[in-house]
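# no sequence on hand, only this structure:
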């Protein structure tokens, strides 16, 4: 089924924005965090955006009735820390309440967690005939790097583990279980290893070719009159195979990875990702002459799905070193 945009707006206003306004008000009184969490509200939002209802099962059944796994991550209102006296600082505070220092460490490190403790957990996530989709929800500050916390962004991504274009997700989760989880259990069978940390907007994340299906901005979120703007919503009826995955920022890549692209990717596919199609010769010269990494990054507008298909997983995600480079060609579905 398909819910309406008006229903999505109504939900965000009633269950996210309005409770937040009250929470911010009382936070100033109690010194508790004015938190915007997206756990159960995230599952409601996932249903509205994807058009798939839940199973009324709490945490005991499928997140969505089609078997989709929903994971939520909040980078909003994390508790910050004073660099001078180590006291906690609220996100709404501009200076430390203990020593008045403005030298504050702002945290932005929440991530999605995947619990894989046995073969069945792994199969349910990457090899189950019922699970087609992983839905990833994150709220964060789009201007975090500018120390601007006025606006909040809500984004929803989809990954379809059984599709070839998302096969790296299966590889990453399988490697975690076989190498990290079982490796820790071998060292100490009495301890339960930490879940798989799946970090938003990292090399691993982009290598999985996530599809952005929803994006909303809550402008002036800390004011009494915030404004909700839905910038993107790909409705459930749209064929996901025709959606472009998110472009990987060139800043993420190392010089070795740029060299791998140069050595394995066809010239025309590299040109598609350059800011200027005439810059390929500059790229070749920069690689062969071992130029500064920043100069190489500045030549690219982004690393698209085709180009990053030539990249290997980084060493921390490998069970063993591959005998040959990963060179799967982009497959138009």
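Alright, I've got the coordinates. Given the structure is predicted, the values throughout are model-derived calculations rather than measurements.

# so this protein: which segments form each domain?
5-75+110-246, 247-333 (automatic domain parsing).

# weakest of those by average pLDDT?
With a mean of 84, domain 247-333 has the lowest mean pLDDT of the domains of the chain.

# leaving out sequence neighbours, find the closest residue to the residue sitting nearest the centre point of the chain.
Centroid-nearest residue in the chain, with CA atoms, centre = their mean: residue 200, separated by 2.8 Å. Leaving aside its sequence neighbours, residue 200 sits nearest to residue 138 (CB to CB, 6 or more residues apart in numbering; 5.4 Å). To be clear about C-beta, it is placed using only N, CA and C from the backbone, and glycine gets the same treatment.

# and the one you found, what element?
strand 134-140 (DSSP states H and E).

# then residue 45?
With DSSP H and E as the test, residue 45 turns up in helix 40-50.

# which secondary structure elements does that helix contact?
If you count contacts as 3 or more CB pairs under 8 Å, 6 or more residues apart in numbering; DSSP states H and E, helix 40-50 packs onto helix 5-12, strand 69-74, strand 134-140, strand 152-159, strand 211-219.

# name the residues of it that come out as buried.
41-50 (16 or more other CB atoms under 10 Å).

# distance to residue 80 added to these, as CSV?
Formatted as CSV, these follow (distance: CB to CB, whole Å):
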residue, distance to residue 80
41, 23
42, 23
43, 28
44, 28
45, 26
46, 29
47, 33
48, 32
49, 30
50, 33
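
# distance of the residue nearest to residue 200 from residue 298?
In this view, residue 138 and residue 298 are 28 Å apart by CB to CB, to the nearest Å.

# more neighbours: the two, which one.
Per other CB atoms under 10 Å, whichever of residue 138 and residue 298 has more neighbours is residue 138, with 22 against 15.

# quick one: the strands in this protein?
For the chain, the strands defined by DSSP state E occupy 69-74, 80-82, 88-89, 104-105, 112-114, 134-140, 152-159, 196-198, 211-219, 227-233.

# in TSV: those, plus distance to residue 8.
Converted to TSV, these look like this (distance: least, CB to CB, whole Å):
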stretch	distance to residue 8
strand 69-74	16
strand 80-82	31
strand 88-89	33
strand 104-105	34
strand 112-114	22
strand 134-140	13
strand 152-159	10
strand 196-198	25
strand 211-219	8
strand 227-233	7
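
# out of the ones you listed, flag the one nearest residue 272.
Nearest to residue 272, of all the strands of the chain, is strand 211-219, at 19.0 Å by CB to CB.

# between strand 134-140 and the closest one, find me the angle.
20 degrees (axes from the mean of the first three to the mean of the last three CA atoms, to 10 degrees).

# hmm, back to that, so which elements touch the strand holding residue 138?
Partner elements for strand 134-140 (3+ CB pairs under 8 Å, 6+ apart): helix 40-50, strand 69-74, strand 152-159.

# list the contacts of the longest one.
Which is helix 40-50. 3, 7-8, 11-12, 15-16, 38, 52-54, 63-64, 68, 70, 72, 133, 135, 137, 154, 156, 158, 213-214, 233, 236 (CB atoms under 8 Å, 6 or more residues apart in numbering).
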